[in-house]
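In: need coordinates for the below:
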Amino acid sequence: MKITEDIKYAGVNDHKVDLFEGQYIVPNGMAYNSYVILDEKIAVLDTVDVNFTREWLDNIDRILDGRQPDYLIVQHMEPDHSAGIGSFLEKYPNTTLVGNDKTFAMLNQFYAVEDRITRRTVQDRETLSLGSHTLTFVFAPMVHWPEVMVTYDSKDKVLFSADAFGKFGALDVDEDWACEARRYYIGIVGKYGAQVQRLLQTAQSLEIAFICPLHGPVLSDNLSYYLDKYKTWSSYCPEEEGVLIAYASVYGNTKKAAEMLGEQLTKQGCPKVVLADLAREDMAECVEDAFRYDRLVLASVTYNGDVFPCMKAFLQALTERNYQNRTVGFIENGAWAPTAAKVMMQMLEKSKNLMFLENHVTVRCAVKEDAKTSIEKLAQDLMRK
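Out: Sure, this is the predicted structure:
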């Protein structure tokens, strides 16, 4: 694939992966992106997952058409982007490896290539001339590893953005960008909003025609749309008005209370109501929706004086990613000592700018009239907020 006259795509599609990073369901596979800049000197940016090294090297070979690469730029040392370094150096031993101090410290931890490399250690904002193309390296620590850097080509106005602006899904599958990019961002990068904000400030100072991430499609049209999404996600602001009702139910009574609340909200004109069964649905999708909407209701049975395990996992996933700036309501269920609401509030107490609704719903086993009244009141409180 030609990105510009001099910049070619050399990545691969993975439809064999079952769980990306061992936890994220990727029904449409995954793309591992790599790029080649052809100039007086040739630079290759990043490698691919170990299972696709042969295919990637074949792509590189076709693009080079007999020429030899001068540089292999390592923007990110995570193995899905660096596993081909050893094989690449075996085939092209005269290539100079370009990275920063942290890149080379990690390289020695992952791969036994120290005795085979010629290295060029770069500093933040250092440049590298390939001829007509001048590359500028911008450090982006903790987006989402400490060694990460992005690369800007001033000639073709291309930002090679490492794992920023990526998404789940292979490139040979047509799907909407936002949903899988949101799930990817929140799941993998979401903890590091402040660091992403700094990278966005840098991006705003550059004239960009193309964004080339390490996962997902090359972005070129309406770049302000993608930048605005990242501004929203990285600032932890709600993206849409709506309510996610996330529930953990054992015998169906807590589920019934959650469904009744959803019906009440719909009747009262809530623009979007989403119910999530935390025991059965993809947890990453549930976490994505919690960040997408401005209101959240947590509904859990009391379990061993605590909350149901899937609810605990959900809350841990939220707090690990700095969940904030939302309104939160609670539904608890318990036969003899309902304490779930208290436990859930305690798990969120260190989160910033959360408004807890004072009147939570307590269900004593089955949903009786008093609980129905409380559910109606909770719906009214959520609509006022």
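
In: contacts and neighbour counts: CA atoms only from here.
Out: Noted.

In: need the strands for the stretch 1-150 of the chain, in chain order.
Out: Ranges of strands in the stretch 1-150 of the chain, per DSSP state E, counting those that start in this stretch, are 7-9, 12-14, 19-20, 24-25, 30-32, 35-37, 43-45, 71-73, 96-99, 118-121, 127-129, 134-139, 149-153.

In: other residues contacting the second one?
Out: Taking C-alpha atoms under 8 Å, 6 or more residues apart in numbering as the criterion, the residues outside strand 12-14 that touch it are 29-33, 48, 52, 55-56, 170-172.

In: pLDDT at the residue nearest the centre of the chain, what is it?
Out: Centroid-nearest residue in the chain, with C-alpha atoms, centre = their mean: Y185, separated by 1.9 Å. If you check Y185, the pLDDT there is 96.

In: do the same with R67
Out: R67 carries a pLDDT value of 96.

In: please apply the same query to N359.
Out: 88.

In: do the one 5 residues further on as well
Out: The confidence metric pLDDT takes the value 89 at R364.

In: I figured it hits I331, correct?
Out: No. R364 is not in contact with I331 according to C-alpha atoms under 8 Å; the separation is 10.9 Å.

In: who has more neighbours, these two?
Out: Remark: of R364 and I331, I331 carries more neighbours, 28 against 19, as counted by other C-alpha atoms under 10 Å.

In: so that one, which state does it fall into?
Out: For I331, the assignment made with DSSP: H, G, I helix; E, B strand; the rest coil gives strand.

In: for it, list each beta-bridge partner.
Out: Here I331 sits in beta bridges with A299, V361, going by DSSP bridges.

In: mind listing what it touches?
Out: For I331, the contact set (C-alpha under 8 Å, 6+ apart) comprises 254, 257-258, 297-300, 341, 360-363.

In: now swap in Y230 and tell me
Out: So Y230 contacts 165, 196 (C-alpha under 8 Å, 6+ apart).

In: check the secondary structure at it for me.
Out: Judged by three-state DSSP, the three-state class of Y230 is helix.

In: redo the contacts of strand 12-14 as CSV? Include distance to G242, neighbour count and pLDDT.
Out: Formatted as CSV, these follow (distance: C-alpha to C-alpha, whole Å; neighbours: other C-alpha atoms under 10 Å; pLDDT from 0 to 100):
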residue, distance to G242, neighbour count, pLDDT
G29, 29, 20, 97
M30, 30, 25, 97
A31, 32, 25, 98
Y32, 34, 24, 98
N33, 35, 29, 98
V48, 39, 28, 97
F52, 41, 18, 97
E55, 44, 15, 97
W56, 43, 24, 98
A170, 30, 22, 97
L171, 31, 21, 97
D172, 32, 15, 96
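
In: okay, helices next: where are they in the stretch 1-150 of the chain?
Out: Per DSSP state H, counting those that start in this stretch, the stretch 1-150 of the chain carries helices over the ranges 53-64, 79-82, 85-91, 101-110.

In: out of the ones you listed, which is closest to V273?
Out: Relative to V273, the nearest member of these by C-alpha to C-alpha is helix 79-82, separated by 36.5 Å.

In: list the buried residues of that closest one.
Out: Neighbour-count burial for helix 79-82, counted by 16 or more other C-alpha atoms under 10 Å, picks out 80-82.

In: stretch 305-314 too?
Out: Neighbour-count burial for stretch 305-314, counted by 16+ other C-alpha under 10 Å, picks out 306-308, 310-312, 314.

In: from the residues you listed, which land in strands?
Out: 306-307 (DSSP state E).

In: buried stuff in whichever strand or helix holds M344?
Out: Using DSSP states H and E, M344 maps to helix 340-348. Within helix 340-348, the residues scored as buried using 16+ other C-alpha under 10 Å are 340-341, 343-345, 348.

In: quick one: list the elements packing against that helix.
Out: The contact analysis (3 or more C-alpha pairs under 8 Å, 6 or more residues apart in numbering; DSSP states H and E) places helix 340-348 against strand 293-303, strand 306-307, helix 309-320, strand 326-333.

In: fine, thanks again, bye for now.
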